[in-house]
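Q: Quick one, fold the following:
(one chain, ligands or ions: 1)
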Amino acid sequence: MHSADTIPVVWNENSSAEQYERARVGRVFNLRRPDRFPVAIVEAEKEEHIFEAVQLARKKDLRISVRSGGHSWAAWSVRDGAILIDLGKYKQIDLDEKTGIVAVSPSTTGQAINSFLGQKSLMFPGGHCPDVGLGGFLLQGGMGWVCRSWGWACQRLVAIDVITADSRRIRCDKNDHSDLFWAARGAGPGFPAIITKFYLQTISLPTHIRESVYIFPKEDFKIAFEWVTSIAEAYDTDTEIVCVGRFVPDYKESVVLVCFTTFKSSDEDAVKALQIAEDSVPPTSLQKHFARPTSLQQQYVQQGLANPSGHRYCTDNAYIDNDADVPDVLEKAFTTLPSRKSFALWYAMAPLSRRTLPDMALSMHSDHYFAIYTVWEGAEDDEQCQSWTFNIMKEMEPHTIGQYLGDSDFQVRNTKYWGKDQGEKLMRIRQNWDSDGRICGYLDRGDKSGTSGLQNIL
Ligand SMILES: Cc1cc2nc3c(=O)[nH]c(=O)nc-3n(C[C@H](O)[C@H](O)[C@H](O)COP(=O)(O)OP(=O)(O)OC[C@H]3O[C@@H](n4cnc5c(N)ncnc54)[C@H](O)[C@@H]3O)c2cc1C
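A: Residues are numbered from 1 along each chain as shown. Model (predicted):
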């Protein structure tokens with residue numbers, strides 16, 4: 001570690017290989033590590049370090065990349081020839097108990113914020129996995145708990161503090177620098193500044209969480225899927241609904257799980273919400289688990305097990321057209337998984353997808369969010385696992401209307417991420433705030449997109 005004036009920096013040219021490698025990718029979740037090499041990594045511990053890192057990059061005329069939680073599947077933070085500002089050591093959570101607004105540093109994880117808020121009987125619907133950073137998650141919209149009716153996590157964003165590409169410190173909200181505030185809710189990794197703090201509106205903690213899980217043989221995918229989609233849109237609005245194709249210990253073949261997780265303030269309400277599924281479930285399920293008590297902490301443990309660290313991942317996703325024959329479009333992905341740890345996921349988005357969203361960059365959705373998480377252990381399986389994912393998504397393409405940034409890799413596939421007008425407005429905002437392309441932005445093939453950003457076409 002060397003100090004450039006006062007900041008903690010690990011330079012590529014004069015650190016040990018081990019030290020540099022730890023700083024470069026040690027906090028990258030995906031074990032499929034990129035061949036991209038920043039000039040230096042600033043391990044910021046406070047806001048001042050971020051400010052000075054931006055000045056350092058300007059002085060040396062280098063690009064800047066940012067890492068909050070390190071969970072970008074495609075490791076967007078790791079960029080050739082850049083100064084990487086790693087926010088992992090910059091930790092802050094401050095609650096204003098009068099307003100219920102919590103101010104957090106961007107590397108705060110969903111689990112950390114909820115452990116803190118839980119003590120105050122509050123909650124923030126962050127990412128499902130315990131360790132996803134709020135930084136990347138909120139910027140792309142944030143598919144948090146009960147997104148289908150509680151809304152996108154970024155809809156609870158009240159303000160942000162940022163350091164601009166020309167190193168000014170500003171606060172942005174609906175009145176001040178409202179264009180940047182608009183962009184912060186959906187720009188994803190193309191946001192043209194560095195966020196140092198998020199101000200988030202919390203909600204009351206639902207004290208009674210219960211889940212029902214129904215397991216079907218994969219041959220019955222269509223039966224299970226047609227059932228869950230037939231009840232999803234009108235289902236209880238505090239209930240999250242997912243359908244997952246995956247392997248579970250009891251069965252040799254993969255199975256189809258349909259899960260309802262409800263967040264209520266009494267047991268009676270929780271059981272009542274889950275009864276609707278129980279009363280209509282098709283008779284062919286292999287196992288039924290009705291309304292078992294759970295907690296946010298248990299949910300994080302389950303999610304952590306389903307998304308193990310220390311593994312190689314390849315993910316892709318699509319919003320499926322509401323008018324498509326969705327069971328038909330998804331069947332192959334759900335029933336031909338390439339490894340025992342991989343899974344395919346459908347996440348109910350209605351009724352949110354039928355509402356008019358607030359005016360913000362995030363502007364793409366349908367009733368059907370579909371994602372593949374291909375998970376494996378050794379580099380020898382890279383080719384097979386990646387080509388399975390690529391081929392599945394290719395076949396699906398005619399039935400898709402776009403993608404969610406959070407599970408995307410623009411180096412592999414490019415599609416539509418925002419409505420047409422919102423996409424154009426976002427690219428203008430990016431150019432206004434960072435005309436030199438100081439902040440690395442969207443990582444496309446060859447890292448060429450710069451200030452032009454993404455094309456945003458199907
Ligand atoms: C196991 C796992 C589970 C997931 N579950 C969910 C989920 O439930 N819901 C969901 O919506 N997504 C989910 N995701 C996707 C995840 O939200 C995105 O990958 C997100 O980008 C991760 O944020 P991060 O801060 O951890 O990542 P990072 O890799 O640290 O950041 C990603 C990029 O965001 C930008 N960025 C981050 N912080 C800042 C900042 N302070 N200022 C400016 N730009 C910044 C940078 O371009 C950065 O490279 C999951 C991912 C994983 C690996």
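Q: which residues does the single nearest residue of the stretch 201-350 of the chain relative to the ligand contact?
A: Closest contact between the stretch 201-350 of the chain and the ligand, by C-beta to the nearest ligand atom, is at Asn307 (3.6 Å). Any C-beta I mention is one placed from the backbone N, CA and C, and that applies to glycine too. With contacts defined as C-beta atoms under 8 Å, 6 or more residues apart in numbering, Asn307 is in contact with 129, 373, 375.
Q: how about those residues in JSON lines, adding neighbour count?
A: Formatted as JSON lines, the contacts of Asn307 follow (neighbours: other C-beta atoms under 10 Å):
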{"residue": "Cys129", "neighbour count": "21"}
{"residue": "Tyr373", "neighbour count": "23"}
{"residue": "Val375", "neighbour count": "24"}
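Q: helix or strand right after the least confident helix or strand in the chain by mean pLDDT?
A: Every helix and strand of the chain was ranked by mean pLDDT, DSSP states H and E. The lowest is strand 2-4, at a mean of 51. Later in the chain than strand 2-4, the nearest helix or strand by DSSP states H and E is strand 7-11.
Q: residues in the stretch 1-150 of the chain within reach of the ligand, list them.
A: Counting by C-beta under 6 Å from any ligand atom, the stretch 1-150 of the chain comes close to the ligand at 29, 65-73, 76-77, 87, 106, 127-129, 132-133, 135-137, 139-140, 142-143.
Q: avg pLDDT for stretch 309-322?
A: Stretch 309-322 comes out with an average pLDDT of 97.
Q: how about that stretch, does it get close to the ligand?
A: No - between stretch 309-322 and the ligand, judged by C-beta under 6 Å from any ligand atom, nothing touches; the nearest distance is 7.0 Å.
Q: pull the CA atoms of that stretch into PDB?
A: Taking C-alpha atoms only, stretch 309-322 is exported to PDB below (Å, rounded to 0.1, in the frame of the first residue of the first chain):
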ATOM      1  CA  SER A 309     -19.300 -17.500  -3.400                       C
ATOM      2  CA  GLY A 310     -16.100 -19.000  -4.900                       C
ATOM      3  CA  HIS A 311     -17.800 -20.200  -8.000                       C
ATOM      4  CA  ARG A 312     -17.800 -19.300 -11.700                       C
ATOM      5  CA  TYR A 313     -20.900 -17.600 -12.900                       C
ATOM      6  CA  CYS A 314     -22.400 -16.600 -16.200                       C
ATOM      7  CA  THR A 315     -25.800 -14.900 -16.100                       C
ATOM      8  CA  ASP A 316     -28.200 -13.500 -18.600                       C
ATOM      9  CA  ASN A 317     -31.800 -12.300 -18.400                       C
ATOM     10  CA  ALA A 318     -34.800 -11.000 -20.400                       C
ATOM     11  CA  TYR A 319     -38.100  -9.400 -19.900                       C
ATOM     12  CA  ILE A 320     -40.500 -11.700 -21.800                       C
ATOM     13  CA  ASP A 321     -43.200 -10.200 -23.900                       C
ATOM     14  CA  ASN A 322     -46.500 -10.300 -22.100                       C
END
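Q: Next, the buried residues of that stretch.
A: For stretch 309-322, the buried set under the neighbour-count rule, 16 or more other C-beta atoms under 10 Å, comprises 311-321.
Q: What of stretch 365-380?
A: Using 16+ other C-beta under 10 Å as the test for burial, stretch 365-380 gives 365-376.
Q: In the stretch 201-350 of the chain, where is pLDDT below threshold?
A: Within the stretch 201-350 of the chain, no stretch has pLDDT under 70.
Q: near the ligand, which residues of it?
A: Asn307.
Q: ranges for the helices of the protein?
A: Taking DSSP state H, the helices of the chain run over residues 17-25, 47-59, 110-118, 134-139, 147-150, 178-184, 221-232, 267-280, 296-306, 326-335, 382-396, 420-433.
Q: Show me what the third one is packed against.
A: Judged by 3 or more C-beta pairs under 8 Å, 6 or more residues apart in numbering; DSSP states H and E, the packing partners of helix 110-118 are strand 93-96, strand 101-104, helix 134-139, helix 296-306.
Q: Just the CA trace of stretch 72-83, in PDB.
A: Output of stretch 72-83 as PDB, limited to C-alpha atoms (Å, rounded to 0.1, in the frame of the first residue of the first chain):
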ATOM      1  CA  SER A  72     -21.500  -7.200 -10.700                       C
ATOM      2  CA  TRP A  73     -21.400 -10.500 -12.500                       C
ATOM      3  CA  ALA A  74     -19.300  -9.100 -15.300                       C
ATOM      4  CA  ALA A  75     -16.900  -7.400 -12.900                       C
ATOM      5  CA  TRP A  76     -17.700  -3.900 -14.300                       C
ATOM      6  CA  SER A  77     -15.400  -2.300 -11.800                       C
ATOM      7  CA  VAL A  78     -12.300  -3.900 -13.200                       C
ATOM      8  CA  ARG A  79     -11.100  -1.800 -16.100                       C
ATOM      9  CA  ASP A  80      -7.900  -1.500 -18.100                       C
ATOM     10  CA  GLY A  81      -5.900   1.600 -17.500                       C
ATOM     11  CA  ALA A  82      -8.200   3.000 -14.900                       C
ATOM     12  CA  ILE A  83      -8.100   4.100 -11.300                       C
END
